[in-house]
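> Pasting the sequence and the predicted coordinates here, then a few questions.
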Number of protein chains: 2
Amino acid sequence: MEKDSTRLKKNQNIQMARIGKAASKLFNKKGYLETSIADLASAVRISKGGIFHYFPTKNEILYFILTNYMDLVLEGLEEDLKKFEGSFSRIQFIISRHLELYTNNMDEAKTLLHEAHSLPPKYLKAINEKEKKYFQIVAAELSDLLGNNVPKDRLTAITFSLFGICNWIYSWYNPKGSLTHHELSEIIYNIFSKGVSSWKL
Amino acid sequence: MEKDSTRLKKNQNIQMARIGKAASKLFNKKGYLETSIADLASAVRISKGGIFHYFPTKNEILYFILTNYMDLVLEGLEEDLKKFEGSFSRIQFIISRHLELYTNNMDEAKTLLHEAHSLPPKYLKAINEKEKKYFQIVAAELSDLLGNNVPKDRLTAITFSLFGICNWIYSWYNPKGSLTHHELSEIIYNIFSKGVSSWKL
């Protein structure tokens, strides 16, 4: 039988995840600053006090959403990359994984893009560190692909070009439209990998 | 001699441009919602009444900034494209022009990206129509480059991939760093054009 404390913790996690999900939807629809705890309480169907029980401030909710999303982005990435042979297949995996994460967590991904700047500095720093880690993993793969002799400022530009193609989909791509995220990730991989490898020659 | 009404109009335009410039700087630094007319009046060193004389609401200032920036993006673009032979050189021109506009108008470009959603629907629609026109001009060039037989959803994905690379520079590129905007535009053109043309084969 489960211990009471384990069950309590599990229930708490479920409630926090529910609040986080509803909040990320509202933040995207209305904006973070314009969303009140009352709006959120009504969306989750609990009292304002119920929200405050889990999150003392609105900042804490935003941080909870963004830190969980970035943990998802980083979770197991380095281990998974080791399973692929050759840097092209690793880049292909990175693109397809990035698009899949977006498709499955659109509200959280858009909140990260549009609202991270509203976090207090201490929290923003923690999120930026996770983003930096993701950037470094991807940049290392691209450096490997390009032969490890690309000047740092160019490697940065190339890495952010890939992030640009992948992240810009937040502004236009509808996963329910005619293009599946597998097809889109193939288009992006084709443009990017062939562009980068021709340039290398 | 200048007529009084012409001189008045000219002075008015100068004042509006000054207010718009200061406002786009503040909107980027503090956020549109968090910037008050009092903040703006103090930055421009005129009275709050002076601001209201030119712009009855804060929305009007945001619209003024964004519509002027989009006019700059569209101004003469179609005529200039006619001067280039071959779709590759036209795409190269589009990328280099996009980056130059950004470098010279960073505050306005970032305000477009981060704050357009705060516009009232009527104004937002007008801005979206100008963005759509820009998209269509670029998509037509890419369609030409790819042989005019690319399915519409793929052409959309390819066009937004280019916008993604170009617009994402707002989040990382510092024109005062080691990479000039000419060098960056060359890197982007190389990745994108070679990626797209290899894929075409």
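Received the coordinates, thanks. All figures in this text were calculated on a predicted structure; none of them were measured in a lab. Numbering: from 1, shown residues only, chains lettered A, B, ... in the order given.
> and the nearest residue to A:Tyr123 once chain neighbours are set aside, how many neighbours does it have?
With sequence-adjacent residues excluded and distances taken as C-beta to C-beta, 6 or more residues apart in numbering or on different chains, A:Tyr123 is closest to A:Tyr63, at 4.5 Å. Quick note: C-beta positions are derived from backbone N, CA and C, even for glycine. A:Tyr63 sits with 20 neighbouring residues when counted by other C-beta atoms under 10 Å in any protein chain shown.
> can you check the one 3 residues further on too?
Using other C-beta under 10 Å, A:Leu66 is surrounded by 25 other residues.
> quick revisit: dump the residue contacts of the residue nearest to A:Tyr123.
Residues in contact with A:Tyr63, defined by C-beta atoms under 8 Å, 6 or more residues apart in numbering or on different chains, are A:119, A:123, A:126-127.
> ok, of those, which come out buried?
Among the contacts of A:Tyr63, the ones that count as buried by 16 or more other C-beta atoms under 10 Å in any protein chain shown are A:119, A:123, A:127.
> for the biggest helix by length in chain A, which positions count as buried?
Ranked by residue count under DSSP state H, the longest helix found in chain A is helix A:4-30. Of the residues in helix A:4-30, A:15-16, A:19-28 count as buried by neighbour count, 16+ other C-beta under 10 Å.
> Need those residues in a markdown table (columns: pLDDT and distance to chain B).
Output for those, formatted as a markdown table (pLDDT from 0 to 100; distance: C-beta to the nearest C-beta, whole Å):
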| residue | pLDDT | distance to chain B |
| --- | --- | --- |
| A:Gln15 | 93 | 30 |
| A:Met16 | 96 | 27 |
| A:Ile19 | 97 | 23 |
| A:Gly20 | 97 | 22 |
| A:Lys21 | 97 | 21 |
| A:Ala22 | 97 | 20 |
| A:Ala23 | 98 | 18 |
| A:Ser24 | 97 | 16 |
| A:Lys25 | 97 | 16 |
| A:Leu26 | 97 | 14 |
| A:Phe27 | 96 | 12 |
| A:Asn28 | 92 | 10 |
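> how does chain A divide up, domain by domain?
A:4-56, A:63-200 (automatic domain parsing).
> Residues of chain A that sit close to chain B?
A:31, A:33-34, A:114, A:117-118, A:153-154, A:156-158, A:160-161, A:163-169, A:171-173, A:177-179, A:184, A:187-188, A:190-196, A:198-199 (C-beta under 8 Å from any C-beta of the partner chain).
> Now go through those and say which are in helices.
Those of the residues of chain A next to chain B lying in helices (DSSP H): A:114, A:153-154, A:156-158, A:160-161, A:163-168, A:184, A:187-188, A:190-196, A:198-199.
> Give me the phi and psi for A:Ser47.
phi -80, psi 160 (degrees, to the nearest 10).
> before we move on, the earlier item: distance of the residue nearest to A:Tyr123 from chain B?
When distance is defined by C-beta to the nearest C-beta, to the nearest Å, A:Tyr63 is 18 Å away from chain B.
> coming back round to it: tell me which of the domains of chain A sits most buried.
Highest mean neighbour count of the domains of chain A: domain A:63-200, a mean of 17 (counted as mean count of other C-beta atoms under 10 Å in any protein chain shown).
> Which residue, other than its chain neighbours, is closest to A:Pro143?
Just to correct that, residue A:143 is Ser rather than Pro. A:Leu155 (5.6 Å).
> Likewise for A:Glu108?
A:Glu108 sits nearest to A:Tyr69 (C-beta to C-beta, 6+ apart), 4.2 Å away.
> so which strand or helix has the one you found?
helix A:58-74 (DSSP states H and E).
> ok and that helix relative to helix A:4-30, angle-wise?
Counting by axes from the mean of the first three to the mean of the last three C-alpha atoms, to 10 degrees, helix A:58-74 points 100 degrees away from the direction of helix A:4-30.
> Next SSE downstream of helix A:58-74?
Along the chain past helix A:58-74, the next helix or strand (assigned with DSSP H and E) turns out to be helix A:77-81.
> got the contact list for that next one?
A:90, A:93-94, A:97, A:134, A:137, A:141.
> again, 10 Å this time
A:87, A:89-91, A:93-94, A:97, A:133-134, A:137-138, A:140-141 (C-beta atoms under 10 Å, 6 or more residues apart in numbering or on different chains).
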